[in-house]
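okay, predicted coordinates and the sequence, questions at the end:
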Amino acid sequence: MTAPFRVYNPAAAPSAGAAQPGRALDNLKGKTVGFIDNAKPNFQFLVEDLEAQLTTRYGVKAVRKHRKPGQVPVKPEVLKQFVEECDAVITGSGD
């Protein structure tokens, strides 16, 4: 049996014209999770640890990763690919 896992929703209210968030996932089993790395130091280490936990403890089927070349917006073609391939996407920073 796994220990309880608390997930916080960091979402703010959408601004005018922003896309509405998708529906919440019931669980992660069999899902594909994407990570968009914003090129901050150490984020790749966090992603590696999260990938291991997500696949072994929560049954995530696959993990997709994209590292941006710096503090720039994600290219539209990358976003399109993540929308098509991922059930959930996590963006973040390291440091």
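On my side now, so go ahead.

shaky segments in the chain?
Applying pLDDT under 70 to the chain flags the ranges 1, 10-21, 93-95.

buried sites along whichever helix in it runs longest?
Using DSSP state H, we find that the single longest helix of the chain is helix 43-58. Residues of helix 43-58 classed as buried: 43, 46, 47, 50, 51, 54 (neighbour count, 16 or more other CB atoms under 10 Å). Every C-beta, even on glycine, is put in place using the N, C-alpha and C of the backbone.

same deal with stretch 73-87?
Buried residues in stretch 73-87 (16+ other CB under 10 Å): 82, 86.

which residues does it contact?
By CB atoms under 8 Å, 6 or more residues apart in numbering, the residues outside stretch 73-87 that reach it are 25, 28, 31, 32, 33, 34, 36, 64, 66, 68, 89.

buried among the residues you listed? Need that as a selection in PyMOL.
A single PyMOL command selects the buried members of the contacts of stretch 73-87 (16+ other CB under 10 Å):
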select buried, resi 28+31+32+33+34+36+66+68+89
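
still on that earlier bit, show the subsequent helix or strand relative to the longest helix of the chain.
Per DSSP states H and E, the first helix or strand lying C-terminal to helix 43-58 is strand 62-67.

and whatever helix or strand comes next after that following strand, how far out from the chain's middle?
Sequence-wise, the next helix or strand downstream of strand 62-67 (DSSP H and E) is helix 76-85. Taking CA atoms, centre = their mean, to the nearest Å, one finds the center of helix 76-85 at 13 Å from the center of the full chain.
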